[in-house]
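Chemist: Provided below for reference: sequence and predicted model.
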Amino acid sequence: MTKLEKKDLLDIESLSEDEITLILDTAESLKEISERPIKKVPTLRGKTIVHFFHEPSTRTRTSFEIAAKRLSADTVSVSAATSSIVKGETLADTARNLEAMSPDAIILRHRSAGTPHMLAGLVKGSVVNAGDGMHAHPTQALLDMMTIRQRKGSLKGLKIVIVGDIAHSRVARSDIVGFTKMGARVHVVGPPTMIPLGIESLGTTVSHDIRRAVKTADVIIMLRIQKERQQALLFPSDREYAQCFGLNREVMSKAKEDALIMHPGPINRGVELAPDVADGPFSVILEQVANGVAVRMAILYLLLGGSR
Amino acid sequence: MTKLEKKDLLDIESLSEDEITLILDTAESLKEISERPIKKVPTLRGKTIVHFFHEPSTRTRTSFEIAAKRLSADTVSVSAATSSIVKGETLADTARNLEAMSPDAIILRHRSAGTPHMLAGLVKGSVVNAGDGMHAHPTQALLDMMTIRQRKGSLKGLKIVIVGDIAHSRVARSDIVGFTKMGARVHVVGPPTMIPLGIESLGTTVSHDIRRAVKTADVIIMLRIQKERQQALLFPSDREYAQCFGLNREVMSKAKEDALIMHPGPINRGVELAPDVADGPFSVILEQVANGVAVRMAILYLLLGGSR
Amino acid sequence: MTKLEKKDLLDIESLSEDEITLILDTAESLKEISERPIKKVPTLRGKTIVHFFHEPSTRTRTSFEIAAKRLSADTVSVSAATSSIVKGETLADTARNLEAMSPDAIILRHRSAGTPHMLAGLVKGSVVNAGDGMHAHPTQALLDMMTIRQRKGSLKGLKIVIVGDIAHSRVARSDIVGFTKMGARVHVVGPPTMIPLGIESLGTTVSHDIRRAVKTADVIIMLRIQKERQQALLFPSDREYAQCFGLNREVMSKAKEDALIMHPGPINRGVELAPDVADGPFSVILEQVANGVAVRMAILYLLLGGSR
C-alpha cells in the first residue's frame, strides 16, 4: 500500500492495519524534515488548512500548525471564542461556510463526540479529528504507536497497560483500538468508577491493581487526571489517587527493566505521574511529542494526495 | 478602467460604477485560483497585511485571511482582546504604531461607525473597511453584487428586495447604495421599528408586507436578526418575527420562479429564514461566501497596485 | 565582531558593548527591507519561531511577528489563554513540549521575572526575552539605543533622563544598563515611591524634579503609568502625576533645543505625556516603533546563525 484511499481521518476504527502501517512509515520518512536546518518542504504549497479548535489546546494545535507549515501549506486558525457559533450559528452552517472558501483540510477539535464525522459528511475537503469529546483522538493513538514501534520494533505481542480514567478518555479509546489492531494485548487499570462497563468487548482485560499490572507490561501509558472535567466525583482526592493509581518509583520497582512510560500530556506531576518517573530513563514522553509533528505531517500529506 | 486609483476601500458611496465593475471583473478572474489544486499566486509576496478585528467574526476574518494568503501576502492578526486598547491607548495611537511597522494594508472591523475613515487619514498604507458599526460593509455589498451578476448577467433593471432590520444593518446600507448605483431598484421590507426614517432618500421604496414584496422580486436578501444587539425591543418575539417577516415555503410560493435568495450569514434558521428555503434551489448563500474570497482578493490586489 | 556567539537574548547585562554594536549595525542594514515594495528576504526560510505571550501585547508581539515574517520564518503563536497552563501544566513541561517540536526560537513574554532564563536552560533553540515581569525588556532597550544613535550619532557622553515609575519598569532597567554600557550618563526622575532603593548602584543619578532634570538632557524617556498594575497606591491621582512628573509644553520650554522625546508606548495621553509633546517635533516615538521591527529582525537573524 502506497496511498491512503480516504478523504478523512476520523477515528482508528476505520483504519486497516495496512493503512496504519502506511501512516507510520510515512511519518518516519517525514520526521527527518524537522531535524534539518531548513525544516520545510514545498509538498503542500498552495493548500489551505483550517484549524478549527473548540477547546483550548496548546500541544495539539501547535503540533498540527507546525506540521502544516513544514509542508508549506497555508493555515488559518478559527477558535470557538471568535467564531460565529457565539452568534448562534449551527455547526453545519459554519461548516458549509468554511467549505465555500475551498479549504483543502479542516482540523477539528470539538467537545462533542461525533462532530468530526458530521463535518466530514458536509464538506468536500479532508477532515481530521483532533479530539472529539470522549470519543476519539486518532492522531494521539498514531503517535503513540509510532513511539512504541520505534522503541520495540513492532507492537505485535506486546503487553500494553493503560492506567487512569479509561471511561472518560478519548486517548484510551483510540489507543485500545489501535494497539489491538496492531497485535498488542491491552490491559486497563483504574478505580472501578473510571472503568466503563463492557470495556472487555474492545479486547482488553481489566484490573484495579497497578502494582500487579506493571509486572508484565512492555509499555505503561498513564492517562491525565482531567481536573477540568470534574473528576473529583470519581475518587476522593488527588493524594489518594496518587497513592492507589499513580506511577512512582516504588511502583516502577515492580516493572520490567525495559518498560516504556508514556503520557499524552499535559502531566499533573505528583498526581498520576511522579516527577522522577516522568523525567526518568524509561520515559518516552517527549519522543511522543516529537512524533506527533511527524504523524500529523504524514496524515496531511497522505490525505491531500501524497503517496510513498 | 484597468486600475483602481484609490488608497482605501471605506464604503460603496465613494466607488464609481466603473470602479465597482473593475473590482467585480477582477474578482471573476481571480476566483479560479481558489479552484486550482495549488490555490496560490505570488502576486502579493512580501506585502504585510494586518487584520485588526474589534468584533468577533469567523467568516469575514477567515475570508480576508484566506484571500491574503492565496495572493502570498504575509498576514498578522490583532484582536481587540489582546490589543493595547485594553491598556487605554487611543485608536489613533494604535494606528500610528501599526503604521510605523510599514504594513501595506490594514483590514479593520470596528464597532464604531467611521473608524476606518479615521484610520485611513492616519496611515500611508491601504485601509479596508471590514464592517464599521451600523455604517458600512462594502466588501459584503461587492460580493452580493458579484453573486447577483453571475446569476442574472447584470444588476441593471433588477428589482431587489431587502427584508429585516434595515435601520441597524451595515449590510443593508452598503447594499442599497451599491445596487442602486449599478442600476437596480431596491425595495426594503421590515417592521416599522426597523425601517429608518428617510430611507427613501437613498432611492429605495418601503413596505411592511413581505408576501406582496416578493411577488416582483428578482433577488430577495434576508438580513440576520442580530440577537446580540438587543433587538428584542424592536419586535415581540422570534416566533412573531418569523411569522410576519421570515422567508418560508409559503412566502416563496408567491415569489417569481427564478428569484434568488441571499443572506449575509450567519443564519438564524427558523427566524428570518426557514431551513428548507436556506438550503433550497433558489438559495445562493454559499456562492456568496465563495465570492467573498474572490472579491477580497480583488480588493487587496487592486489597492496594492495591481491592474487588469 | 561579525557574529553573535550566543544562543539566547535574555537581558542587556549579558551583552558586551561590541555585541550591542553588532546588533544595532545589523538592524540598520536590515531596516531597509521594510521600506522596499517587496518587504521580504528568504534568510530564515524553514525556521520555526514560536511566539509565546503570557501577557497581552499588541506592539511587541506584532513587531516580532512582522520581523519573523519579513525574514521568511514560519511563526506559530501560543497565548496564555489557550495554553496548557490553564490545565495546570508547569512552565517547564510546556517548554519541554515545545522543544520536542524543534522550534528554532521561542519569543517569550511572561509576567514573572526570570522565566526566559529558566526556559533558555531547558531548550536547545534560541530564547528571546520579550519582557519578563519587572525584570528586563532587552529588545526595547536595543530599539531605544538604535533610535538615539540614529539621531545623535552615538550614545557616548549623552545625558539621558528617564522619568516615571523606575521601580516597576522593566524598560527602565534594561535602558539604564544598556545606555550606561554604551557610554551615556543616565539620570532617573520620579516620585520617591517609584524610585527603587539603591538604583545608584546601576550608575544612575536620581532626583525628583523633572523641570530641573530636563535642562541638561539630550534624551528624555517618559515611562508609561501602568494603570493595570495598580499604581494608584503610588501617587494620589493621574492629574497630580501629570502636574508633577508629566512632560508638557511648559516643562519642555526648559529643555535643550535638540532634546529627543521617547516613550515605549502605549502612551497615556495627558498623564505622563501631553498630546502636543507626544506629536511634536522632538518626539521620536514612532521611529522607536519602526526601529523595533529592525532590531527584532537583527536579533532573530543573528541568533539563528546569520553574520554581518
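Modeler: That came through fine.

Chemist: Show me where the stretch 1-150 of chain A has its strands.
Modeler: Remark: strands assigned in the stretch 1-150 of chain A by DSSP state E, counting those that start in this stretch are A:48-53, A:74-79, A:105-110, A:126-132.

Chemist: Would you mind giving those strands as JSON lines with mean pLDDT and mean neighbour count added?
Modeler: Heads up, the C-betas are built off the backbone N, CA and C, glycines and all. Shown next, in JSON lines, are the strands of the stretch 1-150 of chain A (pLDDT from 0 to 100; neighbours: other C-beta atoms under 10 Å in any protein chain shown):
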{"stretch": "strand A:48-53", "mean pLDDT": "95", "mean neighbour count": "25"}
{"stretch": "strand A:74-79", "mean pLDDT": "91", "mean neighbour count": "22"}
{"stretch": "strand A:105-110", "mean pLDDT": "96", "mean neighbour count": "26"}
{"stretch": "strand A:126-132", "mean pLDDT": "97", "mean neighbour count": "25"}
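
Chemist: out of those strands, nearest to chain C?
Modeler: Taking C-beta to the nearest C-beta, strand A:74-79 is the member of the strands of the stretch 1-150 of chain A nearest to chain C, at 7.0 Å.

Chemist: What strands flank the closest one, and is each parallel or antiparallel?
Modeler: Strand A:74-79 has the following sheet partners, assigned by DSSP bridges: strand A:48-53 (parallel).

Chemist: For the partner strand, list the C-alpha coordinates in PDB.
Modeler: Extracted C-alpha coordinates of strand A:48-53, given in PDB (Å, rounded to 0.1, in the frame of the first residue of the first chain):
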ATOM      1  CA  THR A  48      -5.400  25.800   2.600                       C
ATOM      2  CA  ILE A  49      -5.700  24.200   6.000                       C
ATOM      3  CA  VAL A  50      -8.200  25.500   8.600                       C
ATOM      4  CA  HIS A  51      -7.500  24.700  12.300                       C
ATOM      5  CA  PHE A  52     -10.900  24.800  14.000                       C
ATOM      6  CA  PHE A  53     -10.500  24.400  17.700                       C
END
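
Chemist: Without its sequence neighbours, what residue ends up closest to residue A:246?
Modeler: residue A:272 (5.5 Å; C-beta to C-beta, 6 or more residues apart in numbering or on different chains).

Chemist: For burial, what's the neighbour tally of the one you found?
Modeler: Using other C-beta atoms under 10 Å in any protein chain shown, residue A:272 has 23 neighbouring residues.

Chemist: Identify the residues contacting it.
Modeler: A:163-164, A:222-225, A:241-242, A:245-247, A:263 (C-beta atoms under 8 Å, 6 or more residues apart in numbering or on different chains).

Chemist: Name the nearest of these relative to residue B:303.
Modeler: Sorting these by distance to residue B:303 puts residue A:224 at the head of the list, at 48.6 Å, by C-beta to C-beta.

Chemist: now the helices for chain A?
Modeler: If DSSP state H is used as the criterion, the helices of chain A fall at A:17-31, A:59-70, A:91-100, A:115-122, A:138-152, A:170-181, A:210-213, A:238-245, A:249-252, A:275-278, A:285-303.

Chemist: could I get these as TSV with distance to chain C?
Modeler: Output for the helices of chain A, formatted as TSV (distance: least, C-beta to the nearest C-beta, whole Å):
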stretch	distance to chain C
helix A:17-31	10
helix A:59-70	4
helix A:91-100	19
helix A:115-122	19
helix A:138-152	11
helix A:170-181	14
helix A:210-213	22
helix A:238-245	11
helix A:249-252	19
helix A:275-278	8
helix A:285-303	4
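
Chemist: Break chain A into its domains for me.
Modeler: A:17-133+A:292-303, A:138-288 (automatic domain parsing).

Chemist: Just name the most buried of the ones you listed.
Modeler: Highest mean neighbour count of the domains of chain A: domain A:17-133+A:292-303, a mean of 21 (counted as mean count of other C-beta atoms under 10 Å in any protein chain shown).

Chemist: Run the chain-centre distance for that one.
Modeler: Relative to its parent chain, domain A:17-133+A:292-303 has a centroid offset of 13 Å by C-alpha atoms, centre = their mean, to the nearest Å.

Chemist: Now do it: distance from first to last residue.
Modeler: 17 Å (C-alpha to C-alpha, to the nearest Å).

Chemist: try stretch A:96-111
Modeler: When the termini of stretch A:96-111 are compared using C-alpha to C-alpha, they are 20 Å apart.

Chemist: touching chain B at all, that stretch?
Modeler: Yes. Against chain B, stretch A:96-111 shows contacts by C-beta under 8 Å from any C-beta of the partner chain at A:96-104.
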